[in-house]
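Visitor: sequence? don't have it. structure:
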């Protein structure tokens, strides 16, 4: 990788943030996206950096940036303190950056910052923060007593391999449930905070729900107060230069008992971020402790909170209705030898075949087999032909509808078995058969606007997780059957679902449903 060396010609009148931005833009031009993705490098836009810096309400004297990159977050914090809070405040900032190609540039940024604010003292650690702190955790003689007023970060994110040294060391230190490097950095950071110290991170929303991050959420929410959440409604706008597709949130936590309310704000992307308005939300509506999953829910309006109240008043579930949900067992790339495009023994249903309340099968696509061959290798991956609800596990890139479901009736195929690909979940009755009305009723409910909005409030993934669906509240069986009877004769799904829900709702709930 070739690095440009003419940074000395940059204007000294550049603010620290502007200087860091200019160097980061040059770095991006002279590196490849593959190189940066491998290292989880996605640089923070200045608007985001300044927004995050403005969330700190303390006067941070000692600051930690555990994934510094080009230092734009650190620069934003320094500017915020010295220009807006206390210009004479002496600041000590520690920065960790393991990429040796970036470290010299980070030093230039910090030296430039000192020209503007001489009271800033800094130390750059050219090492992997997570690995360094983990080793010190495991060595009582190597532990540092340094504690910070503020930790601010846009940490790298990539999956931690379970066989890696860092994963084994984390497990040894009882840091379980950290399947991604960003959550491990958050877990380690909380132990480096002073009492009432603050932690401000921009991270994927994925840690807010699901089993993978369950232990991480339990650990961090037991010791920290969740104070502020900001969500970006666009999955691609925040790090658009790096083609990142995911929901991102800004999260602020403090090392003190949980407060009774949490501030929540939202913006479409970064351009409207400075105008985001925060609302106070009761902590009980945000942090779900009843299920044992410690899910972090993000209602963005009074209507969202009312939708949550309505759904939580439903007292049925898939389990209570004697239903279960599983992921399709056929993994296409592992099964190529017994999948086929041309007609053969068994149908194969894939994600592209499933549309709201409709199965489009077969489709013509050179890379999407539509059949399963009858052979010993395929037999254990097939499911009996029966009545199912098929549900996409992944939503489209910017699609508003997260839950896309369709009924699949046994009489659709004249075969004893069918194949269901693993980009789909399927709902079934383990000891018996779903009735036609149940099949249509559940599918209609999953496609409805109210359940889709509820799912977006509680779910932080682009993936529809079977475990979360198993726990989602549902109306009583009679209401579901009534929905199923009516939707079989019309395509007005929402009208029918709302009509049935209004019949079982309280007066106040009817008003909410009318406005959904």
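Guide: It's in. Here the structure is a predicted model, which means the values were calculated and not measured.
Visitor: break this protein down into its domains, please.
Guide: Here the domain parsing of the chain from automatic domain parsing is 6-300, 324-515.
Visitor: as a markdown table, those domains with distance to residue 318, mean pLDDT and mean neighbour count would be great.
Guide: Any C-beta I mention is one placed from the backbone N, CA and C, and that applies to glycine too. Formatted as a markdown table, those follow (distance: least, CB to CB, whole Å; pLDDT from 0 to 100; neighbours: other CB atoms under 10 Å):
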| stretch | distance to residue 318 | mean pLDDT | mean neighbour count |
| --- | --- | --- | --- |
| domain 6-300 | 14 | 85 | 18 |
| domain 324-515 | 6 | 88 | 18 |
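Visitor: ok, longest strand in the protein?
Guide: Ranked by number of residues, the top strand in the chain under DSSP state E is strand 193-204.
Visitor: gap between that strand and the chain center?
Guide: Taking CA atoms, centre = their mean, to the nearest Å, the mean C-alpha location of strand 193-204 is offset from the chain mean by 18 Å.
Visitor: and stretch 49-64, by the same measure?
Guide: Distance of stretch 49-64 from its chain centroid, counting by CA atoms, centre = their mean, is 24 Å.
Visitor: same question for stretch 476-491.
Guide: Distance of stretch 476-491 from its chain centroid, counting by CA atoms, centre = their mean, is 33 Å.
Visitor: what of stretch 378-386?
Guide: Here stretch 378-386 is found 33 Å from its chain centre; the criterion is CA atoms, centre = their mean.
Visitor: quick one: contacts of it?
Guide: Stretch 378-386 has contacts (CB atoms under 8 Å, 6 or more residues apart in numbering) with 329-330, 335, 338, 346, 372, 410, 413, 415-420, 426, 428, 433-434.
Visitor: quick check: end-to-end length of stretch 28-42?
Guide: End-to-end span of stretch 28-42 (CA to CA, to the nearest Å): 10 Å.
Visitor: stretch 466-484 now?
Guide: First residue to last in stretch 466-484 (CA to CA) measures 22 Å.
Visitor: need the domains of the chain in TSV (columns: distance to residue 307).
Guide: Below are the domains of the chain laid out as TSV (distance: least, CB to CB, whole Å):
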stretch	distance to residue 307
domain 6-300	8
domain 324-515	6
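Visitor: out of those, which comes closest to residue 312?
Guide: Using CB to CB as the measure, domain 324-515 is the one of the domains of the chain that comes nearest residue 312, at 6.0 Å.
Visitor: quick one on the thing from earlier: take the contacts of stretch 378-386 and keep only those in strands.
Guide: Of those, the ones assigned to strands by DSSP E are 346, 372, 417-420, 426, 428.
Visitor: just flag the most distant two among those.
Guide: Greatest spatial distance among the ones in strands among the contacts of stretch 378-386 (CB to CB): 372 and 428, at 18.2 Å.
Visitor: returning to that earlier point: what angle separates whichever helix or strand comes after the longest strand of the chain from strand 193-204?
Guide: Later in the chain than strand 193-204, the nearest helix or strand by DSSP states H and E is helix 214-223. Counting by axes from the mean of the first three to the mean of the last three CA atoms, to 10 degrees, helix 214-223 lies at 140 degrees to strand 193-204.
Visitor: chain center to helix 214-223: distance?
Guide: 16 Å.
Visitor: repeat for stretch 325-332
Guide: 22 Å.
Visitor: what's the first-to-last distance across that stretch?
Guide: Stretch 325-332: ends 20 Å apart by CA to CA.
Visitor: and for stretch 213-230?
Guide: Stretch 213-230 has an end-to-end distance of 19 Å (CA to CA).
Visitor: again with stretch 411-428
Guide: The first and final residues of stretch 411-428 sit 15 Å from each other (CA to CA).
Visitor: got it, and stretch 345-354?
Guide: End-to-end distance of stretch 345-354: 21 Å, with CA to CA as the criterion.
Visitor: any chance you could list what contacts it?
Guide: So stretch 345-354 is contacted by 328, 330, 332, 339, 359-363, 365, 368-374, 378, 382, 390-394, 404-406, 408, 413, 415, 417-421, 423-424 (CB under 8 Å, 6+ apart).
Visitor: separation between the residue most central in space within the chain and residue 153?
Guide: The chain has residue 206 as the residue nearest its centroid, 2.1 Å off, counting by CA atoms, centre = their mean. Distance, residue 206 to residue 153, using CB to CB, to the nearest Å: 17 Å.
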